[in-house]
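>>> generate coordinates for the sequence data below:
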Amino acid sequence: MDCNVNAIQQDANKIGLRTGLLVRRLGSREIWKYIFFELKHFSNQTLVFVSFSFYPAITCDFKSTLQMITSENVNFIDNRRHQHRHRSHKHKGIYGETEKHEQQSCPYLFCELLELDAEISGKKCCWQEIARRVVFDVWIKYEETVAASRARWSKPHIPLLNQHSLHSLKNHLTKGVFLPNCDAITFNDVIEIVINEWKKNNLLQSPNDRMVKDLFLFPKCHVSSKPLGFRNCMQPLKSNSYEFDHHGEEYPSIEPLSKSEQKSIVYNKTLHEKLPSDTCAAVMFVGKSRFVNKPVSAFVRLKLASHMPSVCEINLPVSYIFVLLAPEYHANDLAHIGRCLASLLTDPAYVKHFRTANSGNELAESIDAFMEKALIIPPNKWPYEVKLHAEKVQLIDEISNNRKDSNEKHKADLEGLCYTGRIFGGLVEDVKRRLWFYKDDFMDAFVDFSAMSQVLASAMFIFLTNLANIIIFGAVMGHMLDNQMGVIECILSGCISGIAFSLFSGQPLNILSATGPVLIFESLFYKLCNMWGWNFLASRGWLSFWSSLIILLFVATDGSFLVAYITRFTEDLFATLIAIIFIVESVQSMVKIAVENPITYEPDEIFKEPPCQCVMKRGTNETTVHIVQNITSKGGECNLLGGVPEGIRCNFHPDVFLFSFVLFISAFLIMLGFKLLKNSNLFPKRIRELLTNFSALISIAVTTIVKEFVGLKVPELVVPSKFQPSFERSWYVDWTNVQHWWIGLICFLPAILLTILLVMDQQITAVIINRKENKLKKGYGYHLDLLVISVLMLICGLFGLPFFVASTVLSIGHVQSLRMESPSRAPGDKPIFTGIREQRVSSFLAHLLIGISLFLTMLVQMVPLPALLGVFLYLGISCMEDQQFVHRILLFFSPVKHQPEFAFLQSVPLLRVHFYTAIQIAAFLLLCIVKYTKEISMLFPLMLFFMVLLRKLLGRLFTVRELRALDDQLPTWSELTGCRSH
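A predicted model of the protein is given here:
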């Protein structure tokens, strides 16, 4: 159908806010994809309506109209909505009347539909719950219907409404009884008033009024989660009071519930806990009865919502009651009429009219407006049984809610990064910001059992992973530095640095640990000292002094404001690189185990070799050969005797690598399985959360028990048994023990590179942790973090300990282990992420345990190294799966029709997305080359600066709109200095 431009523009302007956002985010093709998800053929129904208002009917060509909805139109619609919400003067509704006197009502509504059922327990009747629906916030949510077995709920879905049922509902609201602001308190009072109104309007004959009243007092039966299928009816049955007299000769009356009977009512407490505290209920009763000669209905809006025992499945105050009775021969499906009313009551665009309407005609006008916004699905095209399920529609909500004002986004992102222009101005602001929450940082870990268990699990997770990381890096460091520093120094540094940072830092969620770039720098500096004949530890002390001083000057001049130029482009590159390092090192360690313990393909050949021989040297020329019969353990015994074991059979340990691989994969799969379990339907929610929180500890414990049970000698954690330096020296390092006085001055030059490396490592990790997606509420502390690092540099230099900074992967893992989800959500909704449990206890406890591990060597050495490598593999993969950079790489291999509905794909053409990703891949490969090339690995910190400059140059290749969708917008100088006046 052809349309002129004006007609199309008018249709586009009529589309509401949600449609505008939806069109802008999804486009016309995706809108149809979600509206008609999995719908194939329709049968037996004439017209079906989609029951949410943000899919409007469009009179002209759908695609043409959508093309007219540009960003300007959407902004125009947004501005109108904003003005409508905030202006205080009177404004007109769809009825032409002001909404000035709109009564206060519950912002959340729980709708329940009950149908009269005469087939339960023979002749006994009850009101059987057949559907329920919840509305949360400002979005329409989902309906659940009772399955045919009446023993379970269906999957939450958005219902498809019948057009004829909507017209019938309109007719009942117009011709039926309408009672606004009803003063009734109990359900019995409401029924009395309704029946009196029916009698007054000649809708009900006198002989049947008592029968109809008793009809509404029948028990209300609800679906139970128990195996029996139904919860006990909320009204106790008394002998045969509820039996039908089919001849109409006698029908005993029913008395309201007594107080003792009210106490015995069983409510759905599980669902109640998921609802906000200010939720109200709307209950609809529909059914067929021989006591009425024609359909009668009533809509009641209570003046004050009140609790009505036995009426609702949940103990909620009831705000609305709708009753509809029809003769037994009535052809209409009354349940569909109730579902239509529930759709209107749970639609925020129309429920306000039910709150303010003074007559049934006004409600009829609201239904007309609802039908104008609905889309009609042609008959015989779509099956009525197919419904739009909650998971698919949830994505639309997320995309629509993603649209935020760019200025507000910048204001949040620049918190703690403003340039004050005062000496230590940024540090003072950080201290003020964090000092306010300092007590809460400890108390928030003990608010309830859930918090305590989550914090304890997080502490154990960080303890195990960080300890393994420290021991592995310590062993490598001892080899590269000729034991000038080794495992014992790394453990001690991890304990001291971690505890100090957890107590005094601005962002205690960061986890300090040994990192690859710092280890490379240490090895290069050691080679430099050996080349020039310098004392390594003394020269390193001066190195730490200059680096600490430079960091202190950086803090004093508010240098951390430069962190604002580190956007998602650089963050993703750095985080992905560190994640890949974790994965590669895990695999390399397993390869090393395979080399040291190769697979024996022909074990019979081993036993053909001579037995293990222990060669004992006596003097210079004489040797004594002692044959050792035990081929599996006597090689080590020979070393203790001062001899040298010779022969293949001395160190033959069969199946070590294969068993190590089993432990490696098992630890990884256990953690992955618990992660999938969290969002599954197995076990109660608290059990799932508990298992997920302790997944790392469980995986380590299980693999350790299996290792001990099998008894194979697999690599284990090696912790020093004595508290002494790896090298023969005192714990205190004498900085004056240098060959020349000018050595301390020359150390200033490498200190500059070390400072760049430490600051970039620390601040990039802090930026990743402080992302707005994590919903942190206690503020940031970039300057305060660096001050703590500066002090720790001096301490480590004085005692000859390794330098520790924030580890990206461990910090991300720490944050993920402290995620919180809202217990209040509509049935069918995915868990709602509410933020991170921000506290200092988990980090403090984890690093305290690292120090204590020095005195628990027997216990720590039982942990198999392959299991910890499996945990590292899980950490690396879980870190990568959250990176937008990785998601965009996968788009290269995904057909368009199967690509996820990422928000940036709705704003940027796919080819432009691929171009941006290709540039980022090239930058990533450059980082990898510099990182893994020993000759130029010293330049790695400078490469991070280069990435920031490259991001600045991308502004010449991409538009502002494209960069805003793919990355964060770079701040201006005026924005960075905007906090001077505060």
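
>>> Asp278: neighbouring residues, count only.
Other residues lying near Asp278 total 12 when counted by other C-beta atoms under 10 Å. Backbone N, C-alpha and C define where each C-beta goes, glycine included.

>>> now the phi/psi pair for it, please.
Dihedral angles of Asp278 (phi, psi; degrees, to the nearest 10) stand at phi -100, psi 40.

>>> what separation do you get for it and Cys126?
As judged by C-beta to C-beta, to the nearest Å, Asp278 and Cys126 stand 30 Å apart.

>>> domain-wise, how is the protein divided?
Domain assignment for the chain, taken from automatic domain parsing, gives 5-87, 108-358, 406-594+660-817+838-976, 601-653.

>>> what helix or strand does Glu144 sit in?
strand 143-145 (DSSP states H and E).

>>> immediately after that strand, which helix or strand?
The element immediately downstream of strand 143-145 (helix or strand, assigned by DSSP H and E) is strand 157-158.

>>> tell me the secondary structure for Asn181?
strand (DSSP: H, G, I helix; E, B strand; the rest coil).

>>> that one: neighbour count?
The tally of other residues near Asn181 (other C-beta under 10 Å) stands at 11.

>>> try Ala922
Ala922: 11 surrounding residues under other C-beta under 10 Å.

>>> got phi/psi on His307?
phi -70, psi 130.

>>> contacting residues around the closest residue to it other than its chain neighbours?
Closest residue to His307 apart from its sequence neighbours, by C-beta to C-beta, 6 or more residues apart in numbering: Pro317 at 5.4 Å. When contacts are counted by C-beta atoms under 8 Å, 6 or more residues apart in numbering, Pro317 touches 106, 280-281, 305-307.

>>> so which of those residues wins on neighbours?
Of the contacts of Pro317, with other C-beta under 10 Å as the count, Ala281 tops at 25 neighbours.

>>> and the gap between Ile423 and Ile580?
As judged by C-beta to C-beta, Ile423 and Ile580 stand 41 Å apart.

>>> so for the two, which sits in the more crowded spot?
Ile580 (17 against 12).

>>> show the contacting residues for that one.
876, 880, 928.

>>> likewise Leu173?
Counted by C-beta under 8 Å, 6+ apart, Leu173 has contacts 297, 299, 360, 363-364, 367.

>>> at 10 Å instead, please
297-299, 322, 341, 344, 354, 357, 359-364, 366-367 (C-beta atoms under 10 Å, 6 or more residues apart in numbering).

>>> in strands only, show me these.
Among the contacts of Leu173, the members found in strands (DSSP state E) are 297-299, 322.

>>> need those in CSV with neighbour count and distance to Arg951, can you?
Conversion of the ones in strands among the contacts of Leu173 to CSV gives the following (neighbours: other C-beta atoms under 10 Å; distance: C-beta to C-beta, whole Å):
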residue, neighbour count, distance to Arg951
Ser297, 27, 64
Ala298, 25, 65
Phe299, 25, 59
Phe322, 25, 58
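
>>> that older thread, PyMOL command for the buried members of the contacts of Leu173?
Typed into PyMOL, the line below selects the buried ones among those, using 16 or more other C-beta atoms under 10 Å:
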select buried, resi 297+298+299+322+341+344+354+357+360+362+363+364+366+367
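
>>> now for Gly851, how many residues are close by?
Neighbours of Gly851 (other C-beta under 10 Å): 15.

>>> the longest helix in this protein is where?
Criterion DSSP state H: the longest helix present in the chain is helix 449-480.

>>> next, the buried residues of that helix.
451, 454-474, 476-478, 480.

>>> low pLDDT regions in the stretch 701-850 of the chain?
Low-confidence segments of the stretch 701-850 of the chain, defined by pLDDT under 70: 824-830.

>>> strands along that one, start to end?
805-806, 819-822, 832-836 (DSSP state E, counting those that start in this stretch).

>>> name every strand pairing with the longest one and say which way it goes.
Spelled out, that is strand 832-836. With DSSP bridges as the test, strand 832-836 is paired with strand 819-822 (antiparallel).

>>> what's the answer for the shortest one, then?
Paired with strand 805-806 in the same sheet, following DSSP bridges, are strand 512-513 (antiparallel).

>>> quick check: next helix or strand after the strand it pairs with?
Per DSSP H and E, the helix or strand that comes after strand 512-513 is helix 516-532.

>>> from the contact counts, what lies against that next one?
For helix 516-532, the elements it packs on are helix 449-480, helix 536-556, helix 568-596, helix 743-746, helix 748-769, helix 910-932, helix 940-953, judged by 3 or more C-beta pairs under 10 Å, 6 or more residues apart in numbering; DSSP states H and E.

>>> at 6 Å instead, please
helix 536-556 (3 or more C-beta pairs under 6 Å, 6 or more residues apart in numbering; DSSP states H and E).

>>> what mean pLDDT does the helix it packs on have?
The average pLDDT within helix 536-556 is 92.

>>> please point out which parts of it sit buried.
Judged by neighbour count using 16+ other C-beta under 10 Å, the buried positions of helix 536-556 are 536-552, 554-556.

>>> what's that helix in contact with?
The contact list for helix 536-556, computed with C-beta atoms under 6 Å, 6 or more residues apart in numbering, reads 423-424, 427, 484, 526, 529, 733, 735, 737-738, 743-744, 747-748, 751, 754-755, 783, 786-787, 790, 793-794, 797, 800.

>>> what about the spatially closest residue to Phe536 that is not a sequence neighbour, neighbour count?
Distances taken as C-beta to C-beta, 6+ apart place Cys529 nearest to Phe536, at 4.5 Å, with adjacent residues excluded. Residues contacting Cys529 under the criterion other C-beta under 10 Å number 21.

>>> could you do Glu602 as well?
Other residues close to Glu602 by other C-beta under 10 Å number 7.

>>> cool, and Ala903?
15.

>>> do Asp347 as well
Neighbours around Asp347, by other C-beta under 10 Å: 22.

>>> what of Pro327?
15.

>>> tell me the phi and psi of it?
phi -60, psi 160.

>>> Leu865 now?
phi -60, psi -40.

>>> I'd like to know how far the nearest residue to it once chain neighbours are set aside sits from Met485.
Distances taken as C-beta to C-beta, 6+ apart put Pro715 closest to Leu865, at 4.2 Å, once the chain neighbours are dropped. Distance, Pro715 to Met485, by C-beta to C-beta: 22 Å.
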